[in-house]
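# sequence and predicted structure are below.
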Amino acid sequence: MRKIIIYILALLAVPAAAQTGKDHNFEVAKNLEVFNSIYKNLDLLYVDTLSADTVVGNAIDAMLGSLDPYTEYFPDAKVKDLKTMLTGKYAGVGSLIRFSQKYNNSFIDEPYENMPAAEAGLKKGDLILAVDDLSMVGKSSQYVSDHLRGDAGTTFMIKVKRLSTGKILKMKITRRAIKMPSVPYYGLQPNNTGYIDLNQFTEDCSKDFRRAFLEMKKQGMKSLVIDLRGNGGGLESEAVNIVNMFVPKDVLVVSNRGKLKRMNHDYKTTVEPIDTVMPIVVLVNGGTASASEITSGALQDFDRAVVMGTRTYGKGLVQMTVDLPYNGNLKLTTNKYYIPSGRCIQAINYKHGRGGYIEHVPDSLTKVFRTLHGREVRDGGGIKPDVEIKPDTASNIQTYLTSIIDSTETVLDYVVDYVAKHPTIASPDKFELSDADFEDFKQHVIKSGFKYDGVSEKILQELVKSAKFEGYYNDAKNEFAAIEKKLKHNIGKDLDYNKEDIREALASDIISVYYYQQGSIEYSLKHDRQMAEATKLLSKPVEYKKILLPK
C-alpha cells in the first residue's frame, strides 16, 4: 500500500517541478500530503477493508474528470484499450458484438470481411452461448468481447445458436491480429469523381489513403471527395501526411502550443505533394473531430479544398501518453493546436475550479482569420464549412427501428430471415428492396409488437398537462379529444409515410451481411444528399473556383 501511495505522489509531483512560485509549490505539497494522510487513515480505521485499486483509482478518475474528457488514466488492465485506440489493432475474431434485450444474449452483429469470425462461418444474429466451457448466456457485450479477444495465435471453441434455423453450432476459431480498416471504402463515382471514406486516423492510415488516391488517379479520376463525417480523429502526424499529399513541401500545417516550451511542436510538410490542382471537396459533420479537423481545416486554410456539410465538433486540443509505474499509462492534454491561418478551433473552455465545468465559446467572441487567398474564417466552434449542406434526418419511427431502443429486435429478425431466404443478392450499386419486400417488412413490424413513442403524441400530452394546470382544459376538452384521435398511433401508416428512408436503411443493413462494410457504404452513397451536392459542385468548375477564389 505504501508503495502505491509513494508512486502516486511521485507521479503527481512531476508537474510541480516545472512550476514557478513558492505559493504554487506549497499548495501542491500541502494537498498531496493531505491526500496521503486521508488515505492512510481510511486504510487503517475505516470499518471495511478497502481496495487500494478501487479507492485510489476513483480518486484519480475524479481528479482527471475535473479537467477535460481527453485526459484519462489507463491502469495495466486497460492499456490494451489505449493501444487499440491509437493503432486500430487488437487480437481477436474481428466482429461487432451487440447485446439483445429480447434474447437476453450477446450476438454477432457484424463480422468483418476476411477476419476469423467471417472465415469460421459466423453470421449476423448468431447468439453467443459459450466461449470454450465458459457460458456467455445473459452476459454483456463487453464481457463477451473481452473473452473473444486474446493473444494472437490462441485457439478457442465458440458455441452459437443460429436464429434462422434454431440450430446449435460449434466452431473452432484462432485469434489473430485485427486491424480495423482506416479506409473501409473508396472508388470512382459518376463523372470520374473519386471517393475516399477515411474513418479514423490510426497508424499508417495515410499510406492506405495514398494507395486509394493513386489507384483511382490511374483509373481516370478528375476530382475527389474526402469523407471525414463521423471521423473522431487520432494521430496528428497522419493528418499532416494526408494534407502533404495536396500542398507543397515545407509549409506549416499545424502548430502545438502548451505550458512547456519543450512540448511545443510545429508540423510542416516534408515531401513533394502528389497533386496540387485536382478539385477536392471534404465532407464533414458534428462527428468530425481532432485530426479530422486538422485535415479539413488545413485544406480550407490553404484554399486547397471546399469544405462541405455541417460544422465540425471543435476539438483543438492535443494529447500525449506518459508511462506510469506498474505498466499504467496516462493520456493527458498538453497543447492546443493551431492550423495554418493561425486559428485554434477549440469549441469548449474547460474550467477547473469548483470541481470542473465547461463553457462553450459563443460565435460573438470568435476572432477572424484569413485563408491563403484572403477568405474569412474564424476560430472557436470547430470548422465552419464553406458550403453548408444538412443531411437528411431520420424519422422518429426509423430511429426506433434502427437503434438498440427497439427491444423487439424487429429489424434484426427480418434481416436474418431475409438472408436465410436469399443466398445471394445483387451488387451494392444495383441492389434495392422491392415494394413487395417492404410490404413484407411492414407486416413483420406490425405483427412483432413493435412500439415506439410518437413525438406528436408526447407534445399533445404535455399540452394537455399545461392546459389542465392553467385551467383551460375543460373549455377545450372536445378539441383535445379530436386531436388525440387524429394523432393516434398507426404504425402501418407511419411506415408508409417514411417508406423510402426506412427502405434505404434496411437495404444497407442487408447489404452489409453479403458485402460487409464497404458494400454498405457503396450502397449508401446512392442516396447520400451531401455526396450528391459534392459531386454536383465538382462538376461545375466555375462555381468551385468562385468559392475558393472570391473577388
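Alright, I've got the coordinates. It should be emphasised that the depicted structure is a prediction, and the values quoted were computed from it without experimental measurement. Numbering: from 1, shown residues only.
# show me where the stretch 1-150 of the chain has helices.
Here the stretch 1-150 of the chain has its helices, by DSSP state H, counting those that start in this stretch, at 2-17, 22-45, 52-65, 79-87, 116-120, 141-148.
# what about the strands in the stretch 251-400 of the chain?
Ranges of strands in the stretch 251-400 of the chain, per DSSP state E, counting those that start in this stretch, are 252-258, 265-268, 280-284, 306-309, 317-323, 329-338, 348-351, 357-360, 368-370, 376-378, 387-388.
# winner for burial among these?
The highest mean neighbour count among the strands of the stretch 251-400 of the chain, using mean count of other C-beta atoms under 10 Å, belongs to strand 280-284: a mean of 27. Quick note: C-beta positions are derived from backbone N, CA and C, even for glycine.
# that one - contacts with which helices or strands?
On a contact count with 3 or more C-beta pairs under 8 Å, 6 or more residues apart in numbering; DSSP states H and E, strand 280-284 meets strand 223-227, helix 291-301, strand 306-309, helix 529-538.
# residues contacting the third one, please?
Applying C-beta atoms under 8 Å, 6 or more residues apart in numbering, the external contacts of strand 306-309 come out as 229, 279-285, 288, 296, 299-300, 383, 385-389, 391, 530, 533-534, 537, 544, 547-548.
# one step back: return the most buried member of the helices and strands packed on strand 280-284.
Comparing these by mean neighbour count (mean count of other C-beta under 10 Å), helix 291-301 ranks first with a mean of 29.
# give me the mean pLDDT for it.
Computed over helix 291-301, the mean pLDDT rounds to 98.
# now that helix, how far from the centre of its chain.
18 Å (C-alpha atoms, centre = their mean, to the nearest Å).
# does that helix pack against any helices or strands, and if so which?
Counting contacts by 3+ C-beta pairs under 8 Å, 6+ apart, helix 291-301 is packed against helix 236-244, strand 252-258, strand 280-284, strand 306-309.
# which of the ones you listed sits closest to residue 36?
Residue 36 lies closest, by C-beta to C-beta, to one member of these: strand 252-258, at 28.5 Å.
# so what are the sheet partners of the closest one and their directions?
strand 265-268 (antiparallel), strand 329-338 (antiparallel) (DSSP bridges).
# how near is residue 238 to residue 254?
Separation of residue 238 from residue 254 (C-beta to C-beta, to the nearest Å): 12 Å.
# actually, residue 498.
Residue 498 is 43 Å from residue 254, by C-beta to C-beta.
# now the terminal residues of stretch 208-227, how far apart.
This stretch, stretch 208-227, spans 14 Å end to end (C-alpha to C-alpha, to the nearest Å).
# now that stretch: buried residues?
Neighbour counts over stretch 208-227 (16 or more other C-beta atoms under 10 Å) mark 208, 209, 210, 212, 213, 216, 221, 223, 224, 225, 226, 227 as buried.
# which pair of these spans the longest distance?
Put simply, by C-beta to C-beta the two of the buried residues of stretch 208-227 set farthest apart are 208 and 223, 20.3 Å from each other.
# make TSV out of the strands paired with strand 252-258 and add distance to residue 246.
Listed next are the strands paired with strand 252-258 as TSV, based on distance: least, C-beta to C-beta, whole Å:
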stretch	distance to residue 246
strand 265-268	14
strand 329-338	19
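# okay, the ones you listed in TSV with mean pLDDT and distance to residue 522 next?
Formatted as TSV, those follow (pLDDT from 0 to 100; distance: least, C-beta to C-beta, whole Å):
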stretch	mean pLDDT	distance to residue 522
strand 265-268	96	33
strand 329-338	94	34
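# which of those sits closest to residue 506?
Going by C-beta to C-beta, the one of the strands paired with strand 252-258 nearest residue 506 is strand 329-338, 38.9 Å.
# with only the CA atoms kept, save that closest one in CSV.
Output of strand 329-338 as CSV, limited to C-alpha atoms (Å, rounded to 0.1, in the frame of the first residue of the first chain):
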residue,chain,number,x,y,z
ASN,A,329,-0.5,4.9,-18.9
LEU,A,330,-1.7,8.4,-18.7
LYS,A,331,-3.2,10.1,-21.8
LEU,A,332,-3.1,13.8,-21.0
THR,A,333,-3.8,17.1,-22.7
THR,A,334,-0.6,19.1,-23.2
ASN,A,335,-1.3,21.5,-26.0
LYS,A,336,-3.7,23.4,-28.1
TYR,A,337,-3.2,23.2,-31.9
TYR,A,338,-3.3,26.0,-34.4
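# show residues contacting it.
11, 67-68, 70-74, 79, 82, 236, 254-260, 263-265, 294, 316-324, 344, 346.
# relative to helix 236-244, how tilted is it?
40 degrees (axes from the mean of the first three to the mean of the last three C-alpha atoms, to 10 degrees).
# and strand 329-338, how far out from the chain middle?
The mean C-alpha position of strand 329-338 is separated from the chain mean by 20 Å, C-alpha atoms, centre = their mean.
# that older thread, and the strands of the stretch 251-400 of the chain, which one averages the lowest pLDDT?
strand 357-360 (a mean of 65).
# residues contacting residue 71?
Contacts of residue 71 by C-beta under 8 Å, 6+ apart are 64, 319, 330, 331, 332, 333.
# leaving out the residues flanking it, which one is nearest to it?
Spatial nearest neighbour of residue 71, chain neighbours left out: residue 332 (4.6 Å); criterion: C-beta to C-beta, 6 or more residues apart in numbering.
# buried residues in the lengthiest helix in the chain?
Of all segments of type helix in the chain, defined using DSSP state H, the longest is helix 499-525. By 16+ other C-beta under 10 Å, the buried positions in helix 499-525 come out as 501-525.
# start and end of stretch 360-368, how far apart?
Taking C-alpha to C-alpha, stretch 360-368 runs 18 Å from one end to the other.
# for stretch 47-57, what is the distance to the chain centroid?
34 Å.
# CA atoms only for it, dumped as PDB, please.
Provided in PDB are the C-alpha atoms of stretch 47-57 (Å, rounded to 0.1, in the frame of the first residue of the first chain):
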ATOM      1  CA  VAL A  47     -15.000  -0.100   9.100                       C
ATOM      2  CA  ASP A  48     -14.500  -2.200   5.900                       C
ATOM      3  CA  THR A  49     -11.300  -3.400   4.300                       C
ATOM      4  CA  LEU A  50     -10.700  -1.100   1.300                       C
ATOM      5  CA  SER A  51      -9.300  -2.000  -2.200                       C
ATOM      6  CA  ALA A  52      -6.400   0.300  -3.000                       C
ATOM      7  CA  ASP A  53      -7.000  -0.100  -6.700                       C
ATOM      8  CA  THR A  54     -10.700   0.900  -6.400                       C
ATOM      9  CA  VAL A  55     -10.400   3.800  -3.900                       C
ATOM     10  CA  VAL A  56      -7.300   5.400  -5.300                       C
ATOM     11  CA  GLY A  57      -8.500   4.700  -8.800                       C
END
